[in-house]
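# Sequence first, predicted coordinates after that:
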Amino acid sequence: MFFRGLIATAADIETIRRIRNAGRMNMTGDVSEISPERQQRWWASVSELPPKDFVAVVYWSGDDAGSMCVGYGILSRRGDGRLYVSLAVDPTMRRTGAGRFIYEDLAMRANEPIYAEILKTNEPSIRAAIGAGFTQSGDSETTVFYRRQHKVRKERRG
Ligand SMILES: CC(C)(COP(=O)(O)OP(=O)(O)OC[C@H]1O[C@@H](n2cnc3c(N)ncnc32)[C@H](O)[C@@H]1OP(=O)(O)O)[C@@H](O)C(=O)NCCC(=O)NCCS
């Protein structure tokens with residue numbers, strides 16, 4: 001089985017909405033359903049941002065028999081100037097390594113350190129982030145902050 005990330009386009013926003021709604025209770029205190037209209041407004045507000053400030057990727061998993069969309073990952077710059085990760089995996093595809101793959105893939109796409117703010121109760125996300133090389137950088141009452149250093153890929157000689 002492989003995982004592959006492709007930059008999201010407008011054609012993916014309904015898929016992202018479905019997976020986002022299915023994972024919302026672990027991501028935010030606001031668990032209200034995101035409507036198609038709200039998702040469209042969100043996409044309109046982010047899709048023109050420069051890639052250094054916003055990247056959305058949809059992830060596919062498959063084998064020789066075919067492939068399916070398993071989740072999404074987003075990098076977005078917050079008011080503190082840092083790039084933060086947001087991700088969710090389709091409930092039917094969790095615990096197959098997709099979450100960890102998404103954290104790793106997003107780190108490789110960034111040219112700077114990236115951060116994750118994770119609810120202290122969200123063990124799957126904490127484990128996936130740690131597995132992808134994130135280390136704790138702080139906490140608040142309800143969340144833990146993780147940071148992944150930017151690793152420069154070394155040119156190989158010869
Ligand atoms: C968090 C999330 C993306 C993880 O995705 P995933 O594909 O299940 O993660 P992985 O399969 O890569 O598993 C990562 C680690 O978490 C562990 N894990 C996964 N689900 C778990 C669960 N329900 N309970 C305990 N551990 C769990 C795995 O065993 C693995 O641990 P290991 O690396 O020590 O072996 C997924 O659970 C999800 O979409 N949750 C809802 C949305 C969300 O919480 N997003 C993150 C917001 S910060």
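Cool, the structure landed. A quick note: this is a predicted structure, and the numbers were derived from the prediction, not measured.

# And the biggest strand by length in the chain, what's buried?
Under DSSP state E, the strand in the chain containing the largest number of residues is strand 66-77. Neighbour-count burial for strand 66-77 flags 69-75 (criterion: 16 or more other Cβ atoms under 10 Å). Where C-beta positions appear, they are placed from N, C-alpha and C, glycine not excepted.

# now do stretch 16-24
Within stretch 16-24, the residues that count as buried by 16+ other Cβ under 10 Å are 16-21, 23-24.

# Equivalent analysis for stretch 81-97, please.
82-83, 85-90, 93-94, 97.

# Looking at this structure, which residue is nearest the ligand?
Gly99 (2.3 Å; Cβ to the nearest ligand atom).

# so how many other residues sit close to that residue?
25 (other Cβ atoms under 10 Å).

# For it, which non-adjacent residue is closest in space?
Distances taken as Cβ to Cβ, 6 or more residues apart in numbering place Ala128 nearest to Gly99, at 3.7 Å, with adjacent residues excluded.

# Buried residues, whichever helix or strand that neighbour is part of. List them.
According to DSSP states H and E, Ala128 maps onto helix 123-131. By neighbour count with 16+ other Cβ under 10 Å, helix 123-131 contains the buried residues 125-126, 128-129.
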